[in-house]
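> sequence? don't have it. structure:
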């Protein structure tokens, strides 16, 4: 019998060095796309998928991230007095019930698998989701919700997947496909960051996972993988070797890699143009910029 997934792990311990100097004092997950921080997009997606318990794997210097989800009574009182009901409504999404969020520390950067392992006691013997905040996915139905629906049919382990250019496979965990069923693929192997000439496919894993408790047991072995780090991909691959089902899920939506500056800027433009209150003015500005660029060339 498949157990309902109600817990999600958010590995947010990274230093965000690609966004220095901004991340010297601001956690990367607080950087905003338009007016919502990256972490809010991840939380909203998890809520839509039915997640009730939110586990953050943090590190030193992440106190602003923890404070973000606290109530702000003085701010709310000020907005209420000024009758700014729209802003009050926007704040509601940032508030979390007491006890809904837990924080654990990753003292040293030892890979994604190690970060997930740090939450083992809070997960217990239950299936769980993992959401990487760097991967922001614009979709009519949130990505994790799509995956939950697939998981309810298949059980086992489900990872979000998308086709990438073959020359980019060395940046991803890549799936070796046993059976292609359209939106779902049955997986017979996974390789972390393979060179293009040895990659078994161009179907890459991106930052959404639904995993069984056995994966946490595999991580407990602390095997080093690519880059000398403990890789989540390797722990999932062990499940395949043990005869347990692993599926790749081709989600419907547009993924933005907000861990890179170019991806962050692309997401900012896309989300800005999607806003009714911004698209006309912002669209006109972008059109003017492109016209000036063309004229300069």
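Cool, got the structure. Because the structure is predicted, anything quoted here is derived from the model rather than measured.
> tell me the contacts of the nearest residue to residue 154 once chain neighbours are set aside?
With CB to CB, 6 or more residues apart in numbering as the criterion, residue 154 has its nearest non-adjacent residue at 5.5 Å, and that residue is residue 247. Backbone N, C-alpha and C define where each C-beta goes, glycine included. Taking CB atoms under 8 Å, 6 or more residues apart in numbering, we find residue 247 in contact with 150, 154, 156, 157, 158, 159, 184, 185, 186, 187.
> Please indicate which of these has the highest neighbour count?
residue 158 (30 neighbours; other CB atoms under 10 Å).
> Quick check: what element follows the helix or strand hosting that one along the chain?
Take DSSP states H and E as the rule and residue 158 turns out to sit in strand 157-163. Sequence-wise, the next helix or strand downstream of strand 157-163 (DSSP H and E) is strand 173-180.
> quick one: strands adjacent to that following strand?
Take DSSP bridges as the rule and strand 173-180 pairs in its sheet with strand 184-192 (antiparallel), strand 203-211 (antiparallel).
> Need the winner for burial among those strands.
When those are scored by mean count of other CB atoms under 10 Å, the highest mean neighbour count falls to strand 203-211 (a mean of 23).
> So what's the model's average confidence on stretch 266-280?
In this model, stretch 266-280 has a mean pLDDT of 94.
> picking that back up, ok, which of the strands paired with strand 173-180 comes nearest residue 138?
strand 203-211 (13.2 Å; CB to CB).
> Mind checking what helix or strand follows that closest one in sequence?
Immediately after strand 203-211, counting by DSSP H and E, sits helix 213-219.
> I'd like the mean pLDDT over the helix or strand following that following helix, please.
Counting by DSSP H and E, the next helix or strand C-terminal to helix 213-219 is helix 232-241. Averaged over helix 232-241, pLDDT sits at 91.
> Show the pLDDT at residue 120.
For residue 120, pLDDT reads 93.
> ok now do the residue nearest to it when sequence neighbours are not counted, which residues does it touch?
Leaving out its chain neighbours, the residue that sits closest to residue 120 by CB to CB, 6+ apart is residue 216, at 5.0 Å. Counting by CB under 8 Å, 6+ apart, residue 216 makes contact with 116, 117, 120, 123, 128, 235.
> Assess the claim that the second one and residue 230 are in contact.
Yes: the pair residue 117 and residue 230 qualifies as a contact (CB atoms under 8 Å) at a distance of 6.9 Å.
> more neighbours, these two?
residue 117 (25 against 21).
> which residue sits closest to the more buried one, ignoring its sequence neighbours?
Closest to residue 117 by CB to CB, 6+ apart is residue 219, at 4.1 Å.
> What is the burial count for the one you found?
Neighbours of residue 219 using other CB under 10 Å come to 26.
> what stretches of this protein score poorly on pLDDT?
Flagging of the chain using pLDDT under 70 yields the residue ranges 1-2.
> Which residue lies nearest the spatial centre of it?
Nearest to the mean C-alpha position of the chain, by CA atoms, centre = their mean, lies residue 132 at 2.5 Å.
> Residue 194 versus that one, what's the distance?
Distance of residue 132 to residue 194, given as CB to CB, to the nearest Å: 20 Å.
> what do you get for residue 239?
19 Å.
> who's more crowded, those two?
Remark: of residue 239 and residue 194, residue 239 carries more neighbours, 21 against 18, as counted by other CB under 10 Å.
> who touches that one in this structure?
156, 157, 212, 214, 215, 218, 245, 246.
> want to try a markdown table for the residues you listed, with distance to residue 61 as columns?
Shown next, in a markdown table, are the contacts of residue 239 (distance: CB to CB, whole Å):
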| residue | distance to residue 61 |
| --- | --- |
| 156 | 37 |
| 157 | 32 |
| 212 | 33 |
| 214 | 33 |
| 215 | 28 |
| 218 | 30 |
| 245 | 39 |
| 246 | 35 |
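> helix/strand/coil for residue 153?
helix (DSSP: H, G, I helix; E, B strand; the rest coil).
> Quick one: neighbours of it, just the number.
10.
> Kindly report the same for residue 229.
Residues near residue 229, counting by other CB under 10 Å, number 17.
> Quick check: nearest residue in space to residue 128, chain neighbours excluded?
residue 7 (4.6 Å).
> pretty sure that neighbour is touching residue 122, no?
Yes: applying CB under 8 Å, one finds residue 7 in contact with residue 122, separated by 7.3 Å.
> now the helices for the protein?
38-48, 63-68, 73-81, 85-92, 112-117, 120-123, 143-154, 213-219, 232-241, 261-273, 279-296 (DSSP state H).
> right, and those helices - which one's nearest residue 19?
helix 261-273 (7.1 Å).
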